[in-house]
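1. Could you work out the structure for the sequence below:
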Amino acid sequence: MKIRHRITLWVSLAGLVSSAILSLLVFFWGLESPYEFLDQELEIRAHTLADELAREQQQGAQVDQVAMERFSHLYWARIYEGGQLLFASKMATAIPLPMHTSGRGYLIPTGIPLNRFYAEEDDEPAAFWNRVFTLAVHGRTYQVHVARPVESLVGESIESAVMIGSALVASALILIAVSYQVAGKILRPVQEINRMTADINAHTLEKRIPLADNGDEIDALAVTLNQMFNRLQYSFLRQKEFVANASHELKTPITLLRLSMEETLQDDNLPAALQEKLLAQERSLARISQLVKSLLDLSRLELTEVPEKTTFCLNTLIVGVVEDFQLLMQERQLTFRGDLQGRLPLYADGEMIRRMLINLLDNAIRYNTPGGEVRCRTSVGDGALTLTLANTGPGIDRQDQPRIFDQFYRCEQSRSTAHGGSGLGLTIVKRIVELHGGSISVDSSPLLTTLVVVLPAPGAV
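-> Coordinates of the predicted model:
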């Protein structure tokens, strides 16, 4: 699960739980609060009735039912003294209700319609909220049972529960949406760091992650990563400089050894066995010289940031390189088939492109079969110039194709050491293509290997 989803889940759960607890507290408070108000109202009414009854008894008069009824209008009321009923309201006379002396209020549902007591109400069944009070007034002790008709709170409770539940669902959805957006905003810098880090490779180590300068943990992570890239860039540069310097230093003594070897081989008095050994050593020196030259070229390309570009005709350059290889192709009985369309101007480093063509054509000839073909085609379209070079031959296994551009990588068939070479030719080609903002790909079958180079057309630069 992604971090954004986990943040959304945990924030939503925390918000939902806290909202549910708060809603339950409000719900139960809402259930209790109406009865608390009723308790206060009934207590006041009980005191009023007890005071009026005690006043009349002090005057020695009979209980005035009319006056007492005026005080108990719309209330169910019965007053006892010593177990003797002193007063019962009209509602108490008509409707019997049990008396509980627990000291707490209690609800008695009935089937009597509520509009019998309150004309403005509907005909839903009424219930009575009851309280029993023991009151001492002017030396007398009364037991007052008083009740009031109310609408059933069960329906209201269910309605309140539904409303609270709906509100919880709505708040949960809003909370999920808001937390998802907030989590995305919080993690956006991390995603940007991840994207930029993925773009940084051995050729783009100069890139750095920009800082937001807000001093948070993400800025600290960016600083740490930038420091790591600084160390990596320093190490890569030192490594490249070492290879370049070593290749340069090796070039001169190897050249002197080859010249000395060639001079020695010109001696006609050399024994045949010694001459054969010297020829084998001379061939080894030639391979070492080629390897050093390739390493030096690759090091220069690795250290190059921007090619020196000019505008020239790609097809003309291809024809010149093919002419240089004409004798080698005739020696191997190879046929060159070209489909070069027009002038095809290219804005690039001419020396680099020439080196790229030499390496590609050298591979196409080196790993071909006698009597085979080398095919070259150029085209332009969609803001890109495409060079396709194919050669007949044994082909490259599919599992080897993604790695043929790696340094010193050789396939068992097409890049065997039996063909010579340094194993750096296609690595140099790929670096040249990357420096020009292009791409290179390979497609190989048992009878044909095709390399496709795509470079930006001059109008797209």
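2. and His145, how many neighbours?
-> 23 (other C-beta atoms under 10 Å). To be clear about C-beta, it is placed using only N, CA and C from the backbone, and glycine gets the same treatment.
3. Which of the three states applies to it?
-> With DSSP: H, G, I helix; E, B strand; the rest coil as the basis, the three-state label of His145 is strand.
4. so it touches Thr101, yeah?
-> No. Between His145 and Thr101 there is no contact, the gap being 9.0 Å when judged by C-beta atoms under 8 Å.
5. Quickly list what's touching both of these two.
-> Val132 (C-beta atoms under 8 Å, 6 or more residues apart in numbering).
6. Show me where the stretch 1-150 of the chain has its strands.
-> Here the stretch 1-150 of the chain has its strands, by DSSP state E, counting those that start in this stretch, at 76-81, 84-88, 106-113, 125-137, 140-151.
7. Where does the prediction get shaky in the stretch 101-250 of the chain?
-> By pLDDT under 70, the low-scoring segments of the stretch 101-250 of the chain are 152-160, 201-203, 240, 243-249.
8. Output the longest helix belonging to the protein.
-> Longest helix in the chain, counting residues (DSSP state H): helix 3-58.
9. Buried residues, stretch 393-402. List them.
-> Gly393, Pro394, Gly395, Ile396, Asp400, Gln401 (16 or more other C-beta atoms under 10 Å).
10. so what's the first one up against?
-> In this case it means Gly393. Applying C-beta under 8 Å, 6+ apart to Gly393 gives the contacts Tyr367, Asn368, Thr369, Gly372, Ser414, Leu447, Leu448, Thr449.
11. Which pLDDT value goes with Leu357?
-> For Leu357, the pLDDT comes out at 93.
12. In terms of helices and strands, where is it?
-> Using DSSP states H and E, the element containing Leu357 is helix 350-366.
13. That helix - contacts with which helices or strands?
-> helix 314-324, strand 373-381, strand 384-392, helix 425-435, strand 448-456 (3 or more C-beta pairs under 8 Å, 6 or more residues apart in numbering; DSSP states H and E).
14. which of these sits most buried?
-> helix 425-435 (a mean of 22; mean count of other C-beta atoms under 10 Å).
15. Contacts for that one, please.
-> 203, 294, 297-298, 301-302, 304, 306-307, 349, 352-353, 355-356, 359-360, 362-363, 404-407, 439-440, 453, 455.
16. let's see it at 6 Å
-> Identification of contacts with helix 425-435 by C-beta atoms under 6 Å, 6 or more residues apart in numbering yields 297-298, 301, 307, 352, 356, 359, 363, 404-405, 407, 440, 453.
17. Ok, stretch 35-50 next?
-> By C-beta under 6 Å, 6+ apart, stretch 35-50 touches Phe71, Tyr75, Ala77, Gly105, Trp129, Arg131, Phe133, Leu135, Val137, Tyr142, Val144, Val146.
18. do that again at 7 Å, thanks
-> With contacts defined as C-beta atoms under 7 Å, 6 or more residues apart in numbering, stretch 35-50 is touched by 68, 71-72, 75, 77, 79, 105, 129, 131, 133, 135, 137, 142, 144, 146, 148, 150.
19. Now the spatially closest residue to Arg377 that is not a sequence neighbour: which helix or strand?
-> Excluding its sequence neighbours, the residue lying closest to Arg377 (C-beta to C-beta, 6 or more residues apart in numbering) is Asp339, at 4.1 Å. Assigned by DSSP H and E, Asp339 falls within strand 335-340.
20. low-confidence ranges in the stretch 251-400 of the chain?
-> 251, 302-305.
21. is it true that Ala88 touches Tyr75?
-> No. Ala88 is beyond contact range of Tyr75, at 11.4 Å (criterion: C-beta atoms under 7 Å).
22. For these two, work out which one has more neighbours and name it.
-> Just comparing Ala88 and Tyr75: by other C-beta under 10 Å the higher neighbour count belongs to Tyr75, 22 against 19.
23. what does the model give that one for pLDDT?
-> Looking at Tyr75, its pLDDT reads 91.
24. How about the contacts made by it?
-> Contacts for Tyr75 (C-beta under 7 Å, 6+ apart) come out as Arg45, Ser89, Met91, Val146, Arg148.
25. ok, of the residues you listed, which one's closest to Trp10?
-> Arg148 (48.8 Å; C-beta to C-beta).
26. the helices in the stretch 151-300 of the chain, which residues?
-> Listed in chain order, the helices of the stretch 151-300 of the chain (DSSP state H, counting those that start in this stretch) span 153-199, 217-265, 272-303.
27. quick one, which of those helices is packed in tightest?
-> Among these, judged by mean count of other C-beta under 10 Å, the one packed with the most neighbours on average is helix 272-303 (a mean of 16).
28. Give me the helices and strands touching that helix, please.
-> Applying 3 or more C-beta pairs under 7 Å, 6 or more residues apart in numbering; DSSP states H and E, one finds that helix 272-303 makes contact with helix 217-265, helix 425-435.
29. Now distance to Gln333 too, for the ones you listed, in TSV please.
-> Output for these, formatted as TSV (distance: least, C-beta to C-beta, whole Å):
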stretch	distance to Gln333
helix 217-265	29
helix 425-435	23
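30. that older thread, starting from the strand holding Asp339, tell me the next helix or strand along the chain.
-> strand 345-348.
31. Run the chain-centre distance for that next one.
-> On the basis of C-alpha atoms, centre = their mean, to the nearest Å, strand 345-348 sits 40 Å off its chain's mean C-alpha point.
32. Ok, stretch 328-338 next?
-> With C-alpha atoms, centre = their mean, you get 54 Å for stretch 328-338.
33. Contacts only, for Gln233.
-> By C-beta under 7 Å, 6+ apart, the contact set of Gln233 is Leu205, Glu206.
34. follow-up on the earlier one: looking at the contacts of Tyr75, which one is closest to Leu13?
-> Closest to Leu13 out of those is Arg148 (43.9 Å), distances taken as C-beta to C-beta.
35. surely that closest one meets Ala127?
-> No. Applying C-beta under 7 Å as the test, Arg148 and Ala127 come out as separate, 9.8 Å apart.
36. related to what we said a few turns ago, residues touching the helix holding Leu357, excluding its own?
-> With C-beta under 7 Å, 6+ apart as the test, helix 350-366 has contacts from 307, 310, 312, 317-318, 321-322, 325, 328-329, 332, 334, 374, 389, 391, 419, 421, 425-426, 428-429, 432-433, 435, 451.
37. do stretch 113-122 as well
-> Leu74, Asp123, Glu124, Pro125, Ala126, Pro149, Glu151.
38. gap between the two ends of that stretch?
-> Distance across stretch 113-122, first residue to last, is 8 Å (C-alpha to C-alpha, to the nearest Å).
39. picking up where we left off before, is the residue nearest to Arg377 in contact with Leu387, as I believe?
-> No. Applying C-beta under 7 Å, one finds Asp339 not in contact with Leu387, separated by 11.0 Å.
40. Would you quantify the distance from Leu426 to Ser289?
-> Distance from Leu426 to Ser289, counting by C-beta to C-beta, to the nearest Å: 20 Å.
41. cool, Thr392 as well?
-> The gap separating Thr392 from Ser289 is 30 Å, by C-beta to C-beta.
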